[in-house]
Every structure is written in structure tokens, then in C-alpha cells.
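A.B. asks: with the input below, show me the fold.
(one chain, ligands or ions: 1)
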Amino acid sequence: MRFHIVDTNPKDVRRPLFTAGGIGSTSMEFRQVVARRKMVRSFEQRPVPGDVIDRILDVGRRAPSGGFSQGFDFLVLDEPAATGRFWEVTNDPEFPYEAEELAVAPPVLILPLSDKRAYLDRYSQPDKIEFGLDREENWPVPYWHLDTAMAVMLMLLAAVDERLGGWYFGIVHGERALLDELGVPEEVRPIGAVGLGYAASEEKQVGSAYSRKRRPFDDVVHRGSW
Ligand SMILES: Cc1cc2nc3c(=O)[nH]c(=O)nc-3n(C[C@H](O)[C@H](O)[C@H](O)COP(=O)(O)O)c2cc1C
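C.D. replies: Presented below is the predicted three-dimensional model:
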């Protein structure tokens, strides 16, 4: 199965991307995309063409969502001044970013924003009101974060398909100050940030994935009972 084909007019992201692989396709096989995906934390300091970023965002937009509420928004920072400001505002004085980290920071940042209001509104509509999910306390898990996370996963996979590196990471400091600067409404929160860019060829092997083993299949999968 092909993941998506590159459109003949890649600038027009409104055209359908999800068709079977065809002439001109440069896409990878789905399993190859999944196998190649890993968090990239060192990036080349060169811009990514806007149409490439748009295709990745368009894939994210196709994430499933409870009641098709679609309570996710993507705020894109792709100018050095904007990404620089992100690092300034989110810098934790107790654990400051190191200069060598910032030197390989992703040229594009996407804030995946989770909007609870879309869910409470959607589940207040006549076809959903009977479920009682118009009240936040009745949700088994916050689907607004779950759906936004699904969109993040799709974008990370789409980045691989575009031969880019992707990095999902948490914002541990300065979140509200950042959102205020960016004009994000009070109720809307990022579930973290996604960095995108061309992976540096000599990426240092950092992160838990290099120090821990993936759990074996039979350990993860339970059939019939635990
Ligand atoms: C919910 C979540 C939070 C994460 N937070 C961070 C983070 O703050 N910084 C970071 O560098 N990586 C972060 N990661 C990436 C994980 O470290 C990474 O996915 C894991 O080690 C497996 O490696 P892989 O994604 O390269 O296969 C996070 C991943 C998830 C799913």
C-alpha cells in the first residue's frame, strides 16, 4: 500500500493526496515509513519548502477524532525569528537549552493545539447530547488530547515520507507565555511541539530509544486475557 502520492501540483494541497500509488509517486511503502520513523533531534540549518510542510500538515488534518469534532489546530513557526522566540520563551532557567542543542534545532516548529471546546460543543448537539459528554468530567479520557496526538503521529509519519526528520517533544516551561504571544485562546493548549527539518547527517544518537530495547512482541500482545 502506498502512503500517499506526490501530487502533480504539490502546491495545491486541497487536491486529494490519498490515492493508490501511481505514476510519479515517490512515496515509500507504509511499513518502510513506520520502520524508518524515529525521533530526530539534530537538524540541518536550512529551510524546508512551504509546500512540503503543507503536505505534512494536510496529512495531520486527516486524523480521526471523537464525533469528528476535529478539535486540533496546528500553529506553524517557520521563520528563524519565530522559532528563536519559541526557544527563548520555553527556556527553563533551571535546565537551560545548551548552545550546541540550539545550533541543530529544527527550522520548523508546529504547535499541535488541542481544543476542548470543539468536543464539548460537538457533544452538545442533538445526535450526541444523550451521552452526557457535553460536560468535561464525563469524558473517560480527554479525547481532545488523544485526537491531537493522532494528528501528531500522522505528521511524524508524513515527515518520513517527505524524507524529513521529525521530533515530538514536551513544552515544560513558558507554555502560557508563549501562547499569549502567539494569540492562542485561553482554553486551547499544545500537547507539545513537533520539530521538522532535514536530519543532520551526523546526528548524535541520543534519547531513550538508544539506551532501551523495544519490548518484544509477545510481551506487548495479550491474547484473550492478560
Ligand atoms: C508523549 C511523548 C513525550 C515525549 N517527550 C519527549 C521530549 O520531551 N523530548 C524528547 O527529546 N523526546 C520526547 N519523546 C520521544 C521519545 O523519547 C521517543 O519516542 C522514544 O524514546 C522512542 O524513540 P523513537 O520515537 O525514536 O522510536 C516523547 C515521546 C512521546 C510519545
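A.B. asks: so in terms of bridging, what pairs with M39?
C.D. replies: G166 (DSSP bridges).
A.B. asks: point out where this structure drops to low pLDDT.
C.D. replies: 1-26 (pLDDT under 70).
A.B. asks: do that again at 50, thanks
C.D. replies: In the predicted model, the chain carries pLDDT under 50 at residues 1-25.
A.B. asks: nearest residue to the middle of it?
C.D. replies: V152 (2.6 Å; CA atoms, centre = their mean).
A.B. asks: mind checking the SS state of the residue nearest to that one when sequence neighbours are not counted?
C.D. replies: Excluding the flanking residues, the one nearest V152 by CB to CB, 6 or more residues apart in numbering is P112, at 5.1 Å. Bear in mind the C-beta positions are built from the backbone N, C-alpha and C, glycine included. Three-state call for P112 (DSSP: H, G, I helix; E, B strand; the rest coil): strand.
A.B. asks: neighbours of P112, just the number please.
C.D. replies: 25 (other CB atoms under 10 Å).
A.B. asks: go ahead and confirm it touches V194.
C.D. replies: Yes - using CB atoms under 8 Å, P112 is in contact with V194, at 6.2 Å.
A.B. asks: what's the overlap in contacts for the two?
C.D. replies: V152, M155 (CB atoms under 8 Å, 6 or more residues apart in numbering).
A.B. asks: quick revisit: secondary structure element for the residue nearest to the centre of the chain, which one?
C.D. replies: helix 143-161 (DSSP states H and E).
A.B. asks: what of T83?
C.D. replies: Using DSSP H and E, T83 sits within helix 80-89.
A.B. asks: great, nothing more from me.
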